[in-house]
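Q: The sequence isn't on hand, but the structure is:
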């Protein structure tokens with residue numbers, strides 16, 4: 001069966017979104033230094049020789065494996081003598097990491113779980129969060145830490161660049177989470193949180209118009225291509241880093257519009273049973289902007305801009 005077409009609200013406002021996210025005029029913008037290439041968004045590349053060293057360490061873990069003459073340089077084969085020591089060191093470091101996690105868990109159990117046992121026992125029976133949070137997978141952006149959410153308060157999904165695909169885009173983990181949160185958990189608020197120096201937005205702004213289908217990252221961030229186009233048009237006089245910052249906010253607004261392409265979301269928003277909000281966390285200055293989509297005001301005039309209300313700046 002063919003997927004339903006986008007809702008009228010989306011068709012009406014997708015082409016008239018305010019190019020200045022959250023109605024904020026472009027002012028002096030802090031410049032973030034982007035030095036990572038696309039494959040490095042989530043971690044550095046292996047240094048020269050590390051691949052070979054890892055390969056040799058793997059081979060030496062098999063006792064019955066013997067080495068014969070090799071065309072590799074002598075220096076490479078000499079590294080075998082120290083491979084066992086290196087493996088032990090790595091193992092110890094890995095153990096230290098998980099030992100630390102163990103202590104963190106036990107501290108949580110002692111200070112949080114046992115001191116709030118009734119609350120956690122109630123959560124074991126059912127959850128009734130008021131919020132659904134859509135945030136970036138970036139390790140520097142943890143909504144529970146930033147906004148102080150406690151267990152049971154927020155249903156969360158995190159992805160690269162905190163993007164929301166349209167209804168007609170097909171299944172994804174994000175819209176599966178949306179369906180469960182809205183239709184089953186009956187959340188009252190959806191908050192999409194963007195952030196400063198976002199690697200996913202940097203990838204979106206850097207990529208060519210032709211999508212490289214072999215790249216999962218490129219295939220995903222293209223969801224935000226409309227935000228990129230508006231940014232390129234509205235902020236063409238700004239530096240690339242400033243354009244990225246502009247797009248970080250613009251993409252949040254486009255995700256709010258994309259939420260309204262889901263019939264069961266727009267229906268609840270129109271009824272007043274559900275509100276959709278945008279947020280922007282600047283982890284350089286530790287500030288937070290929050291705004292709410294004004295559905296009725298946006299829907300009043302055919303050529304109105306993307307309307308927001310309840311804008312706050314927390315610093």
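A: Received it, and whenever you're ready, just let me know what you need. Note that the structure is a prediction, hence the values are computed from the model and not measured.
Q: Could you report the pLDDT at residue 218?
A: The score at residue 218 is 89. That number is its pLDDT.
Q: and if you look at residue 297?
A: The confidence metric pLDDT takes the value 77 at residue 297.
Q: quick one, strands of the protein?
A: Secondary structure of the chain, counting by DSSP state E: strands at 131-136, 154-159, 189-195, 275-282, 287-293, 308-314.
Q: what about residue 189, neighbour count?
A: Per other CB atoms under 10 Å, the neighbour tally for residue 189 reads 15. (Glycine included, C-beta is placed from N, CA and C.)
Q: Contact partners for it?
A: Going by CB atoms under 8 Å, 6 or more residues apart in numbering, residue 189 touches 130-132, 274-277.
Q: quick one: it and residue 149, what's the gap?
A: To residue 149, residue 189 is 12 Å away according to CB to CB, to the nearest Å.
Q: Can you pull the residues that touch both of the two?
A: Common neighbours of residue 189 and residue 149 (CB under 8 Å, 6+ apart) are residue 131.
Q: Now do the same contact list for residue 204.
A: Residues near residue 204 by CB under 8 Å, 6+ apart: 161, 221-222, 224-225, 227-228, 247, 251.
Q: Out of these, who's the most crowded?
A: Comparing these by number of neighbours (other CB under 10 Å), residue 251 comes first, having 32 neighbours.
Q: Just give the nearest non-adjacent residue to it, would you?
A: Closest residue to residue 251 in three dimensions, ignoring its sequence neighbours and counting by CB to CB, 6 or more residues apart in numbering: residue 227, at 3.9 Å.
Q: now residue 310
A: For residue 310, ignoring the flanking residues on the chain, the nearest one in space by CB to CB, 6+ apart is residue 292 at 4.4 Å.
Q: Now do the helices in the chain.
A: Remark: helices assigned in the chain by DSSP state H are 8-13, 50-59, 74-78, 83-108, 117-125, 143-146, 173-179, 199-206, 216-221, 225-234, 240-259, 263-271, 295-298.
Q: any idea how far residue 219 is from residue 227?
A: 16 Å.
Q: whoops, residue 288 was the one
A: With CB to CB as the criterion, residue 288 and residue 227 are 20 Å apart.
Q: Now the two most distant members of the contacts of residue 189.
A: 130 and 276 (13.6 Å; CB to CB).
Q: Mind checking which of those two has more residues around it?
A: Higher neighbour count among residue 130 and residue 276: residue 276, with 23 against 13, using other CB under 10 Å.
Q: Could I get the contacting residues of the more buried one?
A: 189-192, 256, 259-260, 265, 269, 292-293.
Q: so where's the stretch 201-315 of the chain uncertain?
A: 210-213, 299-305 (pLDDT under 70).
Q: if you set the cut-off to 50 instead, what comes out?
A: Scanning the stretch 201-315 of the chain for pLDDT under 50 picks out 303-304.
Q: how about low-confidence regions in the stretch 1-150 of the chain?
A: 1-3, 7-80, 85, 88-89.
Q: And residue 159, how close does it get to residue 181?
A: Distance, residue 159 to residue 181, using CB to CB: 14 Å.
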